[in-house]
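A.B. asks: Got a sequence here, can you build the structure:
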Amino acid sequence: MAQVVATRLIHGAFAANPASGSLQSRAQRLRPTSGFEAKVFAQTEKRSSRGAVHVSAPITARRSTGVEPQVIPVSPEDVPKAEEQNQYLQGIPQIGETSVGMWSKPTVRRKTKIVCTIGPSTNTREMIWKLAEAGMNVARLNMSHGDHASHQKGPEVRSGDLPQPITLTTGQEFTFTIRRGVGTADCVSVNYDDFVNDVEVGDMLLVDGGMMSLVVKSKTEDSVKCEVVDGGELKSRRHLNVRGKSATLPSITEKDWDDIKFGVDNKVDFYAVSFVKDAAVVHELKNYLKDAGADIHVIVKIESADSIPNLHSIITASDGNHMSEMFAFHATMMSNTLGTSIVVFTRTGFMAILLSHFRPDGTIFAFTNEKRVQQRLALYQGVCPVHMEFSADAEETFGNALALLQKQGMVKEGEQVALVQSGRQPIWRFQSTHNIQVRKV
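C.D. replies: Purely as a prediction, here's the structure:
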């Protein structure tokens, strides 16, 4: 089990997103198929009395230049219903105007988020703040190391402590033992009592994520004797696994439940569960979090052969999967075609996450009035979460959002942006709750 803790949203510098080439040239590059081009980019435009251009497309877009922009709804029939298991996706976004690094000097809009593992050299308030200023978006606590005073552990087989690193060379004999406290040049302890029972002669042991490998030659009641195949430097507490096999450890151990409670008490944003073998583990953890009243999302890590047969059910049970995608797809296509950024208004973060999955070319500015969601959205690619209180009047909120982005140099005057308002909990009730607009700043 590993925790992922979202820090205050720290974003790298961003520059305005200039359109490149004509609408037709961008369309030619971005179209997925020739059939799509015929539907989306055919020259069938009608100009209204206000001068708005109606483009024939699966979702009809109006590029408005008037004071009262036209809202073009997307038919609900185009939007598949989200699965009920996405109830835990009601995460919430928000970034305060004082967040470090967000309004730094414009250079490049960085979409990829930086996740930093906090360790002994970075566990002070000053160092964490420096990491945030340097561009860190999310802080990760690896509970396989340290304790609650610094942080959680998982169902992993690891080697024991060594007084100093050991260099393993090809052909060398080396022994792993379940006896505690052993750490010599040719033998080291493991933290798993059934390790000897789980391995067989001829098995290939992978050490430290495959950096080193050893073949099992023989075993005794408490030890496994190996020959080094691929050598390297063995340090303390390195991960061990058998190629093609999984340990019989549960995905959530007794120690983990103490660590999970620690995370609940400290209001972390995510749990990343290692070596998930089936969906029952995810449901067990989610039920615990629900009973505890904790708004924490669960991320699964597929790291063993036993996970493959249950892959579909595991992903379905975890957060962020099997969500409604059609509306987000159309919004992304419009943004890419027009060369614009996306401005989305959300209370839960649901639509911002969907948009992120389609990797739009422009930045996704996710406005939310929930700070908890703001922190969570820091993890998602291309999303720049912004905290702002919403007005009961949609137009006033839209105007305030664009003014804030322009003030901070995130968009330029005259630049077009795609406004999106949709999701599981609509903020403003239009005739349709799914809306895409194109606005000029």
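A.B. asks: Glu396: neighbour count?
C.D. replies: 11 (other CB atoms under 10 Å). For every residue, glycine as well, the C-beta is placed using N, CA and C.
A.B. asks: distance of it from Asp278?
C.D. replies: 49 Å (CB to CB, to the nearest Å).
A.B. asks: Distance of Phe174 relative to Ala394?
C.D. replies: With CB to CB as the criterion, Phe174 and Ala394 are 67 Å apart.
A.B. asks: quick one, which of these two is more surrounded?
C.D. replies: Set side by side, Phe174 and Ala394 show more neighbours around Phe174, with 23 against 18, by other CB under 10 Å.
A.B. asks: partner residues bridging the closest residue to that one other than its chain neighbours?
C.D. replies: Leaving aside its sequence neighbours, Phe174 sits nearest to Cys226 (CB to CB, 6 or more residues apart in numbering; 5.3 Å). Per DSSP bridges, the residues bridged to Cys226 are Phe174, Val216.
A.B. asks: tell me the contacts of Cys226?
C.D. replies: Glu173, Phe174, Thr175, Phe176, Leu205, Leu214, Val215, Val216, Lys217 (CB atoms under 8 Å, 6 or more residues apart in numbering).
A.B. asks: Tell me the helices and strands packed up against the host helix or strand of the fourth one.
C.D. replies: Assigned by DSSP states H and E, Phe176 belongs to strand 173-177. Secondary-structure packing of strand 173-177 (3 or more CB pairs under 8 Å, 6 or more residues apart in numbering; DSSP states H and E): strand 187-189, strand 223-230.
A.B. asks: From the contact counts, what lies against the host helix or strand of Val281?
C.D. replies: Val281 belongs to helix 279-291 when assigned by DSSP H and E. Applying 3+ CB pairs under 8 Å, 6+ apart, one finds that helix 279-291 contacts helix 254-265, strand 270-273, strand 297-300, helix 311-317.
A.B. asks: what does it contact?
C.D. replies: In contact with helix 279-291 (CB under 8 Å, 6+ apart) are residues 88, 250-252, 257, 260, 264, 271, 273, 276, 296, 298, 300, 310, 313-314, 316-318.
A.B. asks: For it, list the C-alpha coordinates in PDB.
C.D. replies: Taking Å, rounded to 0.1, in the frame of the first residue of the first chain, the C-alpha atoms of helix 279-291 are listed here in PDB:
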ATOM      1  CA  ALA A 279     -11.600  -6.400  -7.100                       C
ATOM      2  CA  ALA A 280     -12.500  -7.600  -3.600                       C
ATOM      3  CA  VAL A 281      -9.500  -5.700  -2.300                       C
ATOM      4  CA  VAL A 282     -10.700  -2.500  -3.800                       C
ATOM      5  CA  HIS A 283     -14.200  -2.900  -2.500                       C
ATOM      6  CA  GLU A 284     -13.000  -3.800   1.000                       C
ATOM      7  CA  LEU A 285     -10.900  -0.600   1.100                       C
ATOM      8  CA  LYS A 286     -13.700   1.600  -0.300                       C
ATOM      9  CA  ASN A 287     -16.200   0.200   2.200                       C
ATOM     10  CA  TYR A 288     -13.800   1.000   5.000                       C
ATOM     11  CA  LEU A 289     -13.300   4.600   3.700                       C
ATOM     12  CA  LYS A 290     -17.100   5.000   3.300                       C
ATOM     13  CA  ASP A 291     -17.700   3.900   6.900                       C
END
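A.B. asks: re the thing from before, and the contacts of helix 279-291, which of them are buried?
C.D. replies: With burial judged by 16 or more other CB atoms under 10 Å, the buried subset of the contacts of helix 279-291 is 88, 251-252, 260, 264, 271, 273, 276, 296, 298, 300, 310, 314, 317-318.
A.B. asks: Most widely separated two among those?
C.D. replies: By the measure CB to CB, Val264 and Asn310 form the most distant pair in the buried ones among the contacts of helix 279-291, at 26.4 Å.
A.B. asks: on that earlier part again, mind giving me TSV with the helices and strands packed on strand 173-177 and columns for distance to His239 and mean pLDDT?
C.D. replies: Listed next are the helices and strands packed on strand 173-177 as TSV, based on distance: least, CB to CB, whole Å; pLDDT from 0 to 100:
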stretch	distance to His239	mean pLDDT
strand 187-189	13	93
strand 223-230	15	93
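A.B. asks: tell me which residues of stretch 204-213 are tucked away?
C.D. replies: Met204, Leu205, Leu206, Val207, Asp208, Met212, Ser213.
A.B. asks: and of the residues you listed, the nearest to Ala378?
C.D. replies: Asp208 (29.2 Å).
A.B. asks: Quick check: closest non-adjacent residue to the closest one.
C.D. replies: Arg238 (4.3 Å).
A.B. asks: how far away is the one you found from Val157?
C.D. replies: 10 Å.
A.B. asks: ditto for Ala394
C.D. replies: From Ala394 to Val157 the distance is 55 Å (CB to CB).
A.B. asks: now swap in Glu200 and tell me
C.D. replies: From Glu200 to Val157 the distance is 15 Å (CB to CB).
A.B. asks: go on, Glu221?
C.D. replies: In terms of CB to CB, Glu221 sits 18 Å off from Val157.
A.B. asks: which of the two has more neighbours?
C.D. replies: Val157 (22 against 6).
A.B. asks: Quick check: Arg347 is in a strand.
C.D. replies: No - Arg347: not assigned to a strand; according to DSSP: H, G, I helix; E, B strand; the rest coil it is coil.
A.B. asks: Next, count neighbours for it.
C.D. replies: That count, for Arg347 with other CB under 10 Å as the rule, works out to 21.
A.B. asks: one step back: please render the helices and strands packed on strand 173-177 as CSV that adds distance to Asn142 to the earlier fields.
C.D. replies: Below are the helices and strands packed on strand 173-177 laid out as CSV (distance: least, CB to CB, whole Å):
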stretch, distance to Asn142
strand 187-189, 20
strand 223-230, 25
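A.B. asks: Which one of those lies nearest to Val373?
C.D. replies: strand 187-189 (43.8 Å).
A.B. asks: for the closest one, packing partners?
C.D. replies: strand 173-177.
A.B. asks: Now tell me what touches the strand it packs on from outside.
C.D. replies: 159, 168, 186-190, 195, 205, 214, 217, 222-228, 240.
A.B. asks: ok, now with 6 Å
C.D. replies: Asp186, Cys187, Ser189, Val190, Asp222, Ser223, Val224, Lys225, Cys226, Val228 (CB atoms under 6 Å, 6 or more residues apart in numbering).
A.B. asks: Next, the contact list for the second one, please.
C.D. replies: I take that to be Cys187. Per CB under 6 Å, 6+ apart, neighbours of Cys187: Thr175, Thr177.
A.B. asks: which residues of the stretch 1-150 of the chain score low on pLDDT?
C.D. replies: 1-109, 111, 143-150 (pLDDT under 70).
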